[in-house]
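Undergrad: Give the three-dimensional model of this entry:
(one chain, ligands or ions: 2)
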Amino acid sequence: MIDLHNHSLYSYDSKRKMEDIVIEGISKDLDILGFSDHLDFNKNDPGNMFYKGENQLEEFSFLKKKYSQKIKLFLGIESSYEKDYEDKIISSFKKFPFDYKIVSLHFVDGVVISDWIVNLEKDKKSIFEVDYEKYFIQLESIVDFKIFNILGHIDYYKKYSKFTNHRETFKRYQNYYERILRKVIKNGNILEINSSGLRHKCKEQFPSVEILKLYKDLGGEIVSIGSDSHKTGDIAFGFDRIQNIIKDFKFKVYKP
Ligand SMILES: [Zn+2]
Ligand SMILES: [Zn+2]
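TA: Numbering: from 1, shown residues only. Ligands and ions are numbered 1, 2, ... in the order given. Alright, predicted model coming up:
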């Protein structure tokens, strides 16, 4: 049991103490738990420059030792990606000894996805009227960045979409998915299965089974698992279901 996507109070959008996270992880029989707090440099984002790596590193080292007999802890990071602040991301990656790096798309055109999607779908009556292409263009730019381990929640737009028939979007943008996943595999990056979608109205993990099948067909073998926990009870959320998916596809699970 591995959960590599957890947010603590070192993320602007979580209030959880790292030690509480560790204790919940132990109570859920996790063998491996990783912290992946937000690293953000978008000026419009409340999390801009919020991350305090020195403080977290100190706390992490203490907890790692304290709980070493009960659980294996890793310090990762979840960086948002936009081309404009690539240099800042790289310098943070060099500054702190992260065990793994997740990179995720949280902004499109400089706008946080939750707002971008709502605005894009405003006044639209069906999914067929919506042009999501910019999302995929920016997603592809992350993959071209290359300097990371895990590509986070690839079809995250589902979280905020008012539509539910996302298979249509998959079909329409399948070329993008194919190109992106081919690059992920070729570059030695890993696709994340993020269970947080099961907690939201899309009621489906990120990515959907169609995308995972494509990843497998293209030669993808390894996935990373994360709950994207932000509060009590979220850790390892829906992992029974995720484990069944992993078994069905015979994926290997990434360990840092
Ligand atoms: Zn994220
Ligand atoms: Zn996250």
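
Undergrad: is the residue of the stretch 51-200 of the chain found nearest ligand 2 in a bridge, and if so with what?
TA: Nearest residue of the stretch 51-200 of the chain to ligand 2 (C-beta to the ion) works out as Glu78 at 4.7 Å. Backbone N, C-alpha and C define where each C-beta goes, glycine included. Beta bridges link Glu78 to His38, Ile102, judged by DSSP bridges.

Undergrad: ok now do it, which residues does it touch?
TA: Glu78 sits next to His5, His7, Ser36, Asp37, His38, Leu39, Ile102, Val103, Ser104, Gly152 when contact means C-beta atoms under 8 Å, 6 or more residues apart in numbering.

Undergrad: Which one (most neighbours) among these?
TA: Ser36 (31 neighbours; other C-beta atoms under 10 Å).

Undergrad: these two touch, right, that one and Gly226?
TA: Yes: counting by C-beta atoms under 8 Å, Gly226 is a contact partner of Ser36 at 7.0 Å.

Undergrad: Pull up the gap between the nearest residue to Lys203 once chain neighbours are set aside and His153, please.
TA: Of all residues not flanking Lys203 in the chain, Gly197 sits nearest, at 7.3 Å (C-beta to C-beta, 6 or more residues apart in numbering). Distance from Gly197 to His153, counting by C-beta to C-beta, to the nearest Å: 8 Å.

Undergrad: Please say which of these two ends up with more neighbours.
TA: Taking other C-beta under 10 Å, Gly197 and His153 do not tie; His153 has more neighbours (27 against 22).

Undergrad: how close does that one sit to Ile113?
TA: In terms of C-beta to C-beta, His153 sits 10 Å off from Ile113.

Undergrad: coming back round to it: mutual contacts of Gly197 and His153, please.
TA: Phe206.

Undergrad: Kindly tell me how buried the spatially closest residue to Lys213 that is not a sequence neighbour is, as a neighbour count.
TA: In space, and not counting its chain neighbours, Lys213 is closest to Phe249: 7.4 Å by C-beta to C-beta, 6+ apart. By the criterion of other C-beta under 10 Å, Phe249 has 16 neighbours.

Undergrad: which residues touch Phe249?
TA: Taking C-beta under 8 Å, 6+ apart, one finds Leu212, Lys213, Lys216 in contact with Phe249.

Undergrad: mind redoing it with 10 Å?
TA: Ile193, Val209, Leu212, Lys213, Tyr215, Lys216, Gly220, Glu221, Val223 (C-beta atoms under 10 Å, 6 or more residues apart in numbering).
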